[in-house]
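# here is a sequence together with a model predicted from it:
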Amino acid sequence: MDRGIPTEEVLTEMRNAETPTCYLVGTPRGRLSQLEKDFLSQPWAGVRDAVHVKLVEHDGELYILARSDGRRDKEQAMRRRRLKKLVNRLHELRQQKLTRDQLLIKLGAARKDAGQAAYRLIDIQLPGQDQPVTPETFCCKLNWQKLREARRREGSYLLRSNLTDSNPAKLWTFYLQLVEVEQAFKELKGDLAVRPI
């Protein structure tokens with residue numbers, strides 16, 4: 001649910017406009033690190049089977065943390081698949097006779113295939129500028145702390161709003177309605193080739 005997340009500048013303009021604009025938008029998960037302690041004391045509210053939400057107010061905005069069991073299962077499966085593929089690729093690279101530059105190029109490709117989320121879970125030790133690539137100079141290991149953190153956040157997403165409603169379930173429902181409206185416009189533009197007049 002992190003499609004088209006507006007920048008801080010855009011949100012500030014919306015808040016400070018002559019006619020203030022209300023918003024309810026997705027927010028990068030990185031913001032969750034800043035708000036995690038605030039969310040801990042808040043109760044979960046069930047909004048659907050296997051979907052729960054919490055609400056926190058911070059700096060005049062509302063943040064809604066949503067957690068979905070279905071989304072968690074999907075994200076876990078994706079992470080496992082990508083991580084397994086990445087680990088296998090790294091083991092293959094350790095067996096190959098490569099120069100440091102060749103290794104860096106192949107690591108870049110492996111990183112692109114795995115995605116940033118999976119790649120950051122592996123700590124990689126690279127050979128120095130003048131060192132040969134050997135199993136001793138090029139090694140990798142799973143970062144268990146980062147993996148635990150990723151597992152804890154799987155299935156969660158953060159919404160942000162300047163609306164005044166304090167019911168997290170209601171705000172989450174509004175967000176789903178916005179998603180459905182956006183999807184309808186996307187289908188009109190794409191499938192039916194309808195354009196503004």
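Noted; the coordinates are in hand. Residues are numbered from 1 along each chain as shown.
# list the buried ones in the helix ranked longest in the chain?
Using DSSP state H to define each element, the chain has its longest helix at helix 69-95. Within helix 69-95, the residues that count as buried by 16 or more other C-beta atoms under 10 Å are 71-72, 75, 79, 82-83, 86-87, 89-90, 93. To be clear about C-beta, it is placed using only N, CA and C from the backbone, and glycine gets the same treatment.
# what's the answer for stretch 5-16, then?
Neighbour-count burial for stretch 5-16, counted by 16+ other C-beta under 10 Å, picks out residue 11.
# give me the contact list for it.
20-21, 23, 25-28, 160, 162 (C-beta atoms under 8 Å, 6 or more residues apart in numbering).
# alpha carbons of the lowest-mean-pLDDT helix or strand in the chain, as PDB, please.
Every helix and strand in the chain was compared by mean pLDDT, DSSP states H and E; the lowest is helix 8-16, with a mean of 74. Extracted C-alpha coordinates of helix 8-16, given in PDB (Å, rounded to 0.1, in the frame of the first residue of the first chain):
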ATOM      1  CA  GLU A   8       7.000  16.100   3.200                       C
ATOM      2  CA  GLU A   9       6.900  19.300   1.000                       C
ATOM      3  CA  VAL A  10       3.700  18.300  -0.700                       C
ATOM      4  CA  LEU A  11       2.000  17.500   2.700                       C
ATOM      5  CA  THR A  12       3.200  20.800   4.200                       C
ATOM      6  CA  GLU A  13       1.800  22.700   1.200                       C
ATOM      7  CA  MET A  14      -1.500  20.900   1.600                       C
ATOM      8  CA  ARG A  15      -1.700  21.800   5.300                       C
ATOM      9  CA  ASN A  16      -0.600  25.400   4.800                       C
END
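# pLDDT score for the residue most central in space within the chain?
The residue lying closest to the centre of the chain (C-alpha atoms, centre = their mean) is residue 29, at 5.4 Å. As predicted, residue 29 sits at a pLDDT of 78.
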